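Novice: Sequence and predicted structure are below.
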Amino acid sequence: MKRVRLLLAVVVASFSLATPSTSHAAVTKTLTFQAEGWADNWFALYINGKKVGEDSVPITTTKSFNSTKIKFSASYPFTVGVVLKDYVENRSGLEYIGQPNQQIGDGGFALQIRELGSGKIVAVSNHLWKSLVIDKAPLNPECVSSSNPLVDCKSRSIATPSTWATSTFNDSKWIYASEFTAEQVGVKEGYFDISWSPAAKLIWGGDLKLDNTILMRSAVTGLLSFTESKTLKVKSDSVSSSGVLDRSVTCDGAGLSPQVSWDGFPAETKSFYVTMDTVPGPLRPGEVASPDHSYFNLFAIPVTTRSLESGKLSPGVVGLNFKSKTPGYEPPCSQGPGAKNYTITVYALSFIPNLAPGDATQSNLIKAIDGKILAQGKLVTTYSRA
């Protein structure tokens with residue numbers, strides 16, 4: 001009689017969130033975990049698509065800065081999903097409406113998960129988490145001084161995917177989360193009540209102020225790499241000291257691609273990928289939403305390169321932008337007046353992507369570099385059309 005060895009997988013317990021096994025599946029062990037989180041202002045936690053807890057202070061509470069601990073059980077591997085919300089009074093994206101301190105609020109979130117049995121930390125928030133911005137406002141930040149922001153402030157919302165928190169959901173079109181320092185977030189009460197792992201980072205969407213509702217996802221295997229993620233220093237001569245994009249880079253000027261330079265990349269870097277994008281405003285009649293809104297994508301940039309000249313997308317391979325079917329640069333040409341945000345991102349990669357220029361959309365490139373990003377850096381700029 002043959003002996004059958006059952007492979008025991010290390011996992012989590014209290015109520016099981018793992019998929020029921022068949023008689024031929026490997027036996028899994030359920031373990032108890034504790035999620036330790038801090039948010040400005042609120043979060044809800046999902047494991048394998050099921051909500052297991054939320055911030056103990058309601059989102060309707062102003063200045064709700066506190067840490068929250070949530071116990072749950074699951075089996076490795078499991079998927080963590082988080083809903084993040086900044087405090088906003090309505091779709092204008094403003095806080096303290098009608099008061100002297102009426103403002104655009106900011107956000108920030110950190111999470112770590114530990115096995116209660118062993119005490120070891122098995123998951124942390126960092127730049128490898130996938131993110132999707134659901135609500136963004138105001139798209140015209142100058143409305144912050146409006147006496148009627150619900151009318152004057154523009155916003156953008158998309159539907160929440162029904163199965164976004166499940167382990168089988170395809171998040172390949174989602175972008176990576178952005179890491180921020182404690183100083184950038186302005187951490188407050190509650191954050192210091194948690195003994196944070198050095199690997200746990202404060203994360204949010206690409207814009208701390210304008211991104212108001214965000215979905216985040218990450219897979220947990222039980223093996224946590226404590227390799228420190230690194231942030232590139234990104235600068236541009238095409239951006240003023242106050243963060244304004246030069247007119248020459250837009251359709252109001254010469255339409256030149258921006259000058260970009262970077263520093264601080266890991267020694268293992270094999271190539272760079274540089275892109276510039278924005279979150280578009282409301283669609284014009286007849287327009288169809290695009291999965292990305294990038295103005296250029298330059299990849300397979302040699303590791304010896306430290307900068308790109310204005311008006312010159314080289315060295316490297318030029319991919320597609322959001323508008324043209326021909327690889328190249330499409331200058332920003334926003335709909336109407338008002339300040340818009342434009343983000344330049346530089347990725348240091350552990351490999352050299354091999355995509356045909358005609359296939360190199362931002363979405364395809366983000367999918368290709370998944371899991372191969374050694375470091376990244378962002379430069380957020382603004383521009384107002386006359």
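Specialist: Nice, I can see it.

Novice: any low-confidence regions in this structure?
Specialist: Flagging of the chain using pLDDT under 70 yields the residue ranges 1-27, 63, 224-230, 280-291, 336-337, 386.

Novice: domain ranges for the chain?
Specialist: Here the domain parsing of the chain from automatic domain parsing is 31-220, 230-385.

Novice: quick one: residue 251 from residue 116, how far?
Specialist: With the distance defined as Cβ to Cβ, to the nearest Å, residue 251 ends up 56 Å from residue 116. The way it works is simple: take the backbone N, C-alpha and C, and place the C-beta from them, glycine included.

Novice: follow-up on the earlier one: could you export the domains of the chain as JSON lines, including mean neighbour count?
Specialist: Shown next, in JSON lines, are the domains of the chain (neighbours: other Cβ atoms under 10 Å):
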{"stretch": "domain 31-220", "mean neighbour count": "19"}
{"stretch": "domain 230-385", "mean neighbour count": "17"}
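
Novice: For the stretch 251-386 of the chain, which segments count as strands?
Specialist: 260-263, 271-277, 294-302, 307-308, 317-318, 338-349, 373-385 (DSSP state E, counting those that start in this stretch).

Novice: Present those as CSV; the columns should include distance to residue 324.
Specialist: Putting the strands of the stretch 251-386 of the chain into CSV (distance: least, Cβ to Cβ, whole Å) gives the following:
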stretch, distance to residue 324
strand 260-263, 20
strand 271-277, 14
strand 294-302, 10
strand 307-308, 19
strand 317-318, 11
strand 338-349, 17
strand 373-385, 20
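
Novice: what's the single longest helix in the protein?
Specialist: Ordering each helix of the chain by length in residues (DSSP state H) puts helix 362-368 first.

Novice: what sits up against that one?
Specialist: Contacts with helix 362-368, where a contact means Cβ atoms under 8 Å, 6 or more residues apart in numbering, come from 172-173, 175-176, 273, 275, 277, 291-292, 294, 297, 299, 319, 322, 353, 355.

Novice: What is the nearest of those to residue 123?
Specialist: Nearest to residue 123 among the contacts of helix 362-368: residue 176, at 15.9 Å, using Cβ to Cβ.

Novice: Kindly state the beta-bridge partners for that closest one.
Specialist: With DSSP bridges as the criterion, residue 176 is bridged to residue 130.

Novice: same thing with residue 156?
Specialist: Residue 156 has these beta-bridge partners by DSSP bridges: residue 136.

Novice: That one against residue 136, yeah?
Specialist: Yes: using Cβ atoms under 8 Å, residue 156 is in contact with residue 136, at 4.8 Å.

Novice: hey, what's in contact with both of these two?
Specialist: In contact with both residue 156 and residue 136: residue 279, using Cβ under 8 Å, 6+ apart.

Novice: residue contacts, the residue most central in space within the chain?
Specialist: Nearest residue to the geometric centre of the chain (Cα atoms, centre = their mean): residue 177, 2.4 Å. Neighbouring residues of residue 177 by Cβ under 8 Å, 6+ apart: 125, 126, 127, 128, 129, 130, 131, 203, 204, 205, 216.

Novice: so who does the fourth one touch?
Specialist: Yep, that's residue 128 we're talking about. Counting by Cβ under 8 Å, 6+ apart, residue 128 makes contact with 176, 177, 218, 229, 371, 373.

Novice: where's the third one, which helix or strand?
Specialist: When elements are defined using DSSP states H and E, residue 218 is found to belong to strand 211-220.

Novice: Just checking: what are the partner strands of that strand?
Specialist: Here strand 211-220 is paired, per DSSP bridges, with strand 78-85 (antiparallel), strand 130-136 (antiparallel).

Novice: Now render these as JSON lines, adding distance to residue 359.
Specialist: Shown next, in JSON lines, are those (distance: least, Cβ to Cβ, whole Å):
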{"stretch": "strand 78-85", "distance to residue 359": "29"}
{"stretch": "strand 130-136", "distance to residue 359": "21"}
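
Novice: Can you say which of those strands is nearest to residue 121?
Specialist: Closest of the strands paired with strand 211-220 to residue 121 is strand 78-85, at 13.0 Å (criterion: Cβ to Cβ).

Novice: Next, the residue nearest to residue 238 when sequence neighbours are not counted: phi, psi?
Specialist: The shortest distance from residue 238 to any non-neighbouring residue, by Cβ to Cβ, 6 or more residues apart in numbering, is to residue 258 (3.8 Å). With angles defined as degrees, to the nearest 10, residue 258 sits at phi -70, psi 150.

Novice: could you list every residue that touches residue 258?
Specialist: Residues near residue 258 by Cβ under 8 Å, 6+ apart: 236, 238, 239, 245, 246, 249, 276, 308, 310, 344.

Novice: List phi and psi for the fifth one.
Specialist: Reported as degrees, to the nearest 10, the phi and psi values for residue 246 are phi -70, psi 140.

Novice: was I right about it contacting residue 253?
Specialist: Yes: Residue 246 is in contact with residue 253 according to Cβ under 8 Å; the separation is 7.4 Å.
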